[in-house]
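>>> Predicted model and sequence below, questions to follow.
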Amino acid sequence: MASPPPGGEGMTSQLAILLNLSSPHSKMSLEKMKDLHLGEQDLQPETREVNGILMSKLMSDNWDKIWNFQAKPDDLLIATYAKAGTTWTQEIVDMIQNDGDVQKCQRANTYDRHPFIEWTLPPPLNSGLDLANKMPSPRTLKTHLPVHMLPPSFWKENSKIIYVARNAKDCLVSYYYFSRMNKMLPDPGTLGEYIEQFKAGKVLWGSWYDHVKGWWDVKDQHRILYLFYEDMKEDPKREIKKIAKFLEKDISEEVLNKIIYHTSFDVMKENPMANYTTLPSSIMDHSISPFMRKGMPGDWKNYFTVAQSEDFDEDYRRKMAGSNITFRTEI
Ligand SMILES: Nc1ncnc2c1ncn2[C@@H]1O[C@H](COP(=O)(O)O)[C@@H](OP(=O)(O)O)[C@H]1O
Ligand SMILES: O=[N+]([O-])c1ccc(OS(=O)(=O)O)cc1
């Protein structure tokens, strides 16, 4: 039997019991969790802070290894705050790297194609570091870490980084619904309660405000392409061209059009290798809210009350004062 996960409540111990029942010896993919009898178990993780940033306990237990992760010069890192358009960007990048070959891009689930470096699961499941360390170069990796928490080897090795930012209110609504459907994330409570957690930065991966500002402040000192979700939505062709240029890939007009089509919201929503539907519903319950939910800038207006919006904006102005970064909350 694999070594028992560290003691604790919530996801760690619940999964340990379930995994012991299945007794696999080798590491398995997250998807294989559907073969385990998760039933209605409570997978909600315990959380811990590392350097003031909220993480799952499993991630915090694994923090030394994450911090010491060895990046390589030919790694590409896709860095985002959660729900900023990570999966969309991953699909665009994969299509560019594979010259628009849709079949190649359907070789595996998003999370197996692009290891999520800090994401930690109990053994025998594959954590992001396991996947990354096994993957041949050149690798494309994913992170939600704030800039000051990025493993230093990425700076030392001068790896390329694509950062994608999305306006706070749409990110918040998307994160709220995702936290409801993804049993690996803490229960968000009501939207009103979640707005307060988000403003205080007491959500996994910390403060949205510090995240977008922190990465913005270093973007000109490293090989970083800083993109906005709203720009991608407004003109995918223009933004895909920017990404291709950053990756030093020449793509024909025909391939470009293929990428635009394959990475559109409606097509990705039906793509099981990109829409997270291959995970068991005990982990992600798409009947609560689909992973590919709406993909629409300005959707926050359907959820915030006028009072919540005014209060949010006032707090936003204080937190973002002094930064020259601007977001569009609709297009
Ligand atoms: N091709 C696409 N076009 C537009 N939005 C997309 C998209 N693919 C995913 N998204 C949206 O990006 C968000 C998920 O982000 P991430 O990949 O960082 O977790 C979700 O937002 P919504 O919940 O607002 O719909 C999802 O619908
Ligand atoms: O597949 N996962 O393990 C997974 C996927 C997404 C995720 O969160 S997200 O913010 O990157 O969408 C967390 C865990």
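That came through fine. Ligands and ions are numbered 1, 2, ... in the order given.
>>> give me the number of residues near P138?
Counted by other Cβ atoms under 10 Å, the residues lying close to P138 total 13. Any C-beta I mention is one placed from the backbone N, CA and C, and that applies to glycine too.
>>> where's it relative to ligand 1, distance?
22 Å (Cβ to the nearest ligand atom, to the nearest Å).
>>> That residue and Q90, how far apart?
15 Å (Cβ to Cβ, to the nearest Å).
>>> Over to L172?
Separation of L172 from Q90 (Cβ to Cβ) stands at 22 Å.
>>> anything in the helix or strand encompassing Y111 near ligand 1?
Y111 belongs to helix 110-113 when assigned by DSSP states H and E. No: judged by Cβ under 6 Å from any ligand atom, helix 110-113 and ligand 1 are separated, with a smallest distance of 8.2 Å.
>>> and that helix, what's its mean pLDDT?
In this model, helix 110-113 carries a mean pLDDT of 97.
>>> quick one: contacts for the residue minimising distance to the centre of the chain?
Residue closest to the mean C-alpha point of the chain, counted by Cα atoms, centre = their mean, is A82 at 4.8 Å. Shown in contact with A82 (Cβ atoms under 8 Å, 6 or more residues apart in numbering): 144, 171, 175, 178, 203-205.
>>> can you list those residues in CSV and add neighbour count and distance to P124?
As requested, the contacts of A82 are exported to CSV (neighbours: other Cβ atoms under 10 Å; distance: Cβ to Cβ, whole Å):
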residue, neighbour count, distance to P124
H144, 23, 24
C171, 24, 33
Y175, 25, 29
F178, 20, 26
V203, 24, 29
L204, 18, 23
W205, 21, 26
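>>> Can you tell me which of the residues you listed lies closest to M268?
F178 (15.5 Å; Cβ to Cβ).
>>> Identify the residue nearest the closest one in space, chain neighbours excluded?
Spatial nearest neighbour of F178, chain neighbours left out: K83 (5.9 Å); criterion: Cβ to Cβ, 6 or more residues apart in numbering.
>>> and what of L141?
Closest to L141 by Cβ to Cβ, 6+ apart is L77, at 5.0 Å.
>>> Alongside ligand 2, which residues does the chain contribute?
Residues of the chain lying near ligand 2 (Cβ under 6 Å from any ligand atom): 30, 82-83, 86, 111, 119, 184.
>>> If any of these are buried, give me the ChimeraX selection for them.
Selection command for ChimeraX covering only the buried members of those, criterion 16 or more other Cβ atoms under 10 Å:
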select :30,82,83,86,111,119,184
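>>> any idea which of the residues of the chain next to ligand 2 is least confident?
For the residues of the chain next to ligand 2, the pLDDT minimum is L30, 64.
>>> Distance of the nearest residue to E254 once chain neighbours are set aside relative to ligand 2?
Leaving aside its chain neighbours, E254 sits nearest to G100 (7.7 Å; criterion: Cβ to Cβ, 6+ apart). From G100 over to ligand 2 the distance is 25 Å, taken as Cβ to the nearest ligand atom.
>>> Pull out the buried positions in the helix or strand S309 falls within.
Using DSSP H and E, the element containing S309 is helix 306-320. By neighbour count on 16+ other Cβ under 10 Å, the buried set for helix 306-320 is 309, 312, 315-316, 319-320.
>>> Can you show me the CA trace of that helix as PDB?
Output of helix 306-320 as PDB, limited to C-alpha atoms (Å, rounded to 0.1, in the frame of the first residue of the first chain):
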ATOM      1  CA  VAL A 306     -26.500  47.200  -7.000                       C
ATOM      2  CA  ALA A 307     -25.500  47.600  -3.300                       C
ATOM      3  CA  GLN A 308     -22.900  44.800  -3.500                       C
ATOM      4  CA  SER A 309     -21.500  46.300  -6.700                       C
ATOM      5  CA  GLU A 310     -21.100  49.800  -5.300                       C
ATOM      6  CA  ASP A 311     -19.500  48.400  -2.100                       C
ATOM      7  CA  PHE A 312     -17.200  46.200  -4.200                       C
ATOM      8  CA  ASP A 313     -16.200  49.100  -6.400                       C
ATOM      9  CA  GLU A 314     -15.300  51.400  -3.400                       C
ATOM     10  CA  ASP A 315     -13.100  48.700  -1.900                       C
ATOM     11  CA  TYR A 316     -11.600  48.000  -5.300                       C
ATOM     12  CA  ARG A 317     -10.600  51.600  -5.800                       C
ATOM     13  CA  ARG A 318      -8.700  51.500  -2.500                       C
ATOM     14  CA  LYS A 319      -7.000  48.200  -3.200                       C
ATOM     15  CA  MET A 320      -6.000  49.100  -6.800                       C
END
